[in-house]
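1. I'd like to go over a predicted model; first the sequence, then the structure.
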Amino acid sequence: MSYVKTVRTRDLPPPPTESGLIGWLRHNLFSSWLNTSMTFVGLAVLLWTLPPFLGWALFKANWLGDSQNACVQPMGNPDGACWVFIKVRFGMLMYGFYPEVDRWRIDYAFLLLAASAGPLLMAGLLSPKHRDERILMVVPSLAVPVILALHGAGPASLALAYLAAPTLLSRLGTRTGKLPPSTGFFGRASAIVAASILAYWAGVLAAQTLQTGLEGVIGLVAGFLVFLLPTLRRSSSAMWRLALLLTVYPCIAYAFFIGGGFGLRYVETDLWGGMFLTLVLAGVGITASFPIGVLLALGRRSNMPVIRALCIGFIELIRGVPLISVLFMVSVMLPLTLPEGTHINKLLRALVGVSLFYAAYMAEVVRGGLQAIPRGQYEAAEALGFRYWKSLRLVILPQALRLVIPGITNTVLGLAKDTTLVAVINLMDLLGILKSALADSNWLGFTKEAYVFAGLAFWVICFGISRTSMRLEKRLRYGNR
């Protein structure tokens, strides 16, 4: 009997032409004759267009100065871009006509949004291999209330500090490796405390707005109810953070933006504008259109004829008209149907119009996901004894929404870009402010710089939304178990 001796050898590294930069170039740019020819055509187009644009936008551009004279001879270079125009008008482009001394309120409200929404968008950083990134996430959570406290906004800094507490304490709990992500004791406890104190603050704010004189009582009742809720039904800190973001944060942002309480000066919405107004329209439109769209999609598939007919009629009516007509209706025709003396804020009317318009499109996207779910999933939910709403929440909607993330992203991107149409009802968004700035006799002839800046700003917003959706889609794909 003969024996074959097996010798175990170390795996050899791949050839240099199959790995690294050379391998990437070979597989992606020069894998075939067609791919190679397209690569050279693309390089030729870049060499033809990119150097002149970079020369105009960067190398020959005018950066210093505070007037149009800085961009013409002999002080400037007339062949380069005049970014002095953007620098001088930057404050108005970002905030509109919002009072300059109060613009810090807008900055801190958006910093609060980043501190509270960041952990939800970056949930993948909970893994142990991202320890350094988690430390960097804690820093802004602590910096926001500290900076705001230096400005003397006491109640607001307290709210921000407790809103950042779930981010900080849940990270400290998971760093030891002994507590599961987002469900550890520190995460739950800090989220409950944050929700309770913020509910108290929101109750006080609502009572002051209504001038009831019962601020303390209403605040304590709201805080106690929110504190009692987790004892009746346990929830993770991530869910509580999302609930705070969708319920309490809008109250805080409204208090910052509009003012009128806690020592903040009242600012009318007619003064809102620029990128600030664009973000408000996009954020509120996205947040409101999604749940309305889900309800419309469910109503269109309902077995009740009246509900189904109403949802179908609304969806088809809205989808059959352009957004401009909807904005005209809510801005011009709606006030005519109200009782005499009743006035609805113009910004609120625009928010309602944009939200309802895109809710119809969102409904069709969600309906496509619902139709893609096999009938067996519904039968499995019924076999488990789930009622209609429970089966939707636990079985059907999670699968349907995961399938239509690209469609939802397209709708969100369209909403973000269509916010520029509010200029037709005299709301000064980013493009509206740019047009008014270009009409100034001191800054005539700088349309290229204005529209390049606007295009870059919208590209940054849309690219960020697109990359976030790609990350979410990758994390929720079927093969990711």
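-> Okay, I see it.

2. Pull the residues that contact the helix or strand hosting residue 379.
-> Using DSSP states H and E, the element containing residue 379 is helix 375-383. For helix 375-383, contacts defined as CB atoms under 8 Å, 6 or more residues apart in numbering pick out 390, 391, 394, 395, 396, 399. Placement of C-beta: from N, CA and C, glycine included.

3. Now the second one. Nearest residue, chain neighbours left out?
-> In this structure, residue 391 finds its nearest non-sequential neighbour in residue 381, 3.5 Å apart by CB to CB, 6 or more residues apart in numbering.

4. With the fourth one instead?
-> In this structure, residue 395 finds its nearest non-sequential neighbour in residue 381, 4.4 Å apart by CB to CB, 6+ apart.

5. Give me the next element, helix or strand, following the helix holding residue 379.
-> Going down the chain from helix 375-383, the next helix or strand is helix 388-391, by DSSP H and E.

6. Quick check: buried residues in that next one?
-> residue 391 (16 or more other CB atoms under 10 Å).

7. what does it contact?
-> 378, 381, 382.

8. What of stretch 327-336?
-> The contact list for stretch 327-336, computed with CB under 8 Å, 6+ apart, reads 342-344, 346, 349-350, 352-354, 421-422, 424-425.

9. do that again at 7 Å, thanks
-> Residues from elsewhere that reach stretch 327-336, judged by CB atoms under 7 Å, 6 or more residues apart in numbering: 344, 346, 349, 350, 352, 353, 421, 422, 424, 425.

10. Export only the CA atoms of that stretch, formatted as CSV.
-> The C-alpha coordinates for stretch 327-336 follow below in CSV (Å, rounded to 0.1, in the frame of the first residue of the first chain):
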residue,chain,number,x,y,z
LEU,A,327,-48.8,75.8,-4.9
PHE,A,328,-51.0,78.4,-6.6
MET,A,329,-54.1,76.7,-5.3
VAL,A,330,-52.9,76.6,-1.7
SER,A,331,-51.6,80.1,-1.9
VAL,A,332,-54.3,81.9,-3.9
MET,A,333,-57.5,79.8,-3.9
LEU,A,334,-57.4,78.4,-0.4
PRO,A,335,-57.6,81.8,1.4
LEU,A,336,-60.8,82.5,-0.7
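
11. backbone phi and psi for the nearest residue to residue 55 once chain neighbours are set aside, please?
-> Closest residue to residue 55 apart from its sequence neighbours, by CB to CB, 6+ apart: residue 80 at 7.6 Å. Residue 80 adopts backbone torsions of phi -110, psi 170, taken as degrees, to the nearest 10.

12. what do you get for residue 96?
-> phi 70, psi -140.

13. Can you name the residues bridging to it?
-> Beta-bridge partners recorded for residue 96 (DSSP bridges): residue 272.

14. can you tell me how far it sits from residue 411?
-> Per CB to CB, to the nearest Å, residue 96 is found 26 Å from residue 411.

15. quick one, domains of this structure?
-> Domains of the chain are assigned by automatic domain parsing as 73-98+272-481, 100-266.

16. looking at these, which one has the lowest mean pLDDT?
-> Lowest mean pLDDT within these: domain 100-266, at a mean of 57.

17. first vs last residue of that one, how far apart are they?
-> This stretch, domain 100-266, spans 13 Å end to end (CA to CA, to the nearest Å).

18. Also stretch 427-441?
-> 22 Å.

19. what do you get for stretch 22-39?
-> 15 Å.

20. pLDDT (mean, whole number) over it?
-> Computed over stretch 22-39, the average pLDDT equals 83.

21. So which bits of stretch 463-472 are buried?
-> Buried residues in stretch 463-472 (16+ other CB under 10 Å): 465, 469, 472.

22. ok, now stretch 297-313?
-> The neighbour-count check on stretch 297-313 (16+ other CB under 10 Å) flags 297, 298, 299, 300, 311 as buried.

23. Equivalent analysis for stretch 80-90, please.
-> Across stretch 80-90, burial judged by 16+ other CB under 10 Å covers 80, 81, 82, 83, 84, 85, 86, 88, 89.

24. same thing with stretch 325-334?
-> Buried positions in stretch 325-334, judged by neighbour count with 16+ other CB under 10 Å: 326, 327, 328, 330, 331.

25. can you check stretch 338-347 too?
-> Of the residues in stretch 338-347, those buried (16+ other CB under 10 Å) are 346, 347.

26. Can you give the contact residues for that stretch?
-> Outside stretch 338-347, the residues that touch it by CB under 7 Å, 6+ apart are 269, 272, 331, 335, 425, 427.

27. how does it look with 6 Å?
-> Outside stretch 338-347, the residues within contact range by CB atoms under 6 Å, 6 or more residues apart in numbering are residue 269.

28. can you check stretch 70-86 too?
-> For stretch 70-86, using CB under 6 Å, 6+ apart, the contacting residues are 56, 57, 60, 61, 62, 63, 65, 69, 443, 446, 449, 453.

29. most neighbours, which of those?
-> residue 449 (23 neighbours; other CB atoms under 10 Å).

30. Roughly how far does residue 449 sit from residue 43?
-> For residue 449, the distance to residue 43 - CB to CB - is 28 Å.

31. That should have said residue 302, apologies.
-> 55 Å.

32. Could you do residue 299 as well?
-> Separation of residue 299 from residue 43 (CB to CB): 53 Å.

33. circling back to that earlier point, can I have the helix holding residue 379 written out in PDB, keeping just the CAs?
-> What follows is helix 375-383, C-alpha atoms only, in PDB (Å, rounded to 0.1, in the frame of the first residue of the first chain):
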ATOM      1  CA  ARG A 375     -49.100  36.300  -0.900                       C
ATOM      2  CA  GLY A 376     -47.500  33.700   1.400                       C
ATOM      3  CA  GLN A 377     -46.100  36.500   3.600                       C
ATOM      4  CA  TYR A 378     -49.700  37.700   4.300                       C
ATOM      5  CA  GLU A 379     -50.800  34.100   5.000                       C
ATOM      6  CA  ALA A 380     -47.900  33.500   7.300                       C
ATOM      7  CA  ALA A 381     -48.800  36.600   9.300                       C
ATOM      8  CA  GLU A 382     -52.400  35.400   9.600                       C
ATOM      9  CA  ALA A 383     -51.200  32.000  10.700                       C
END
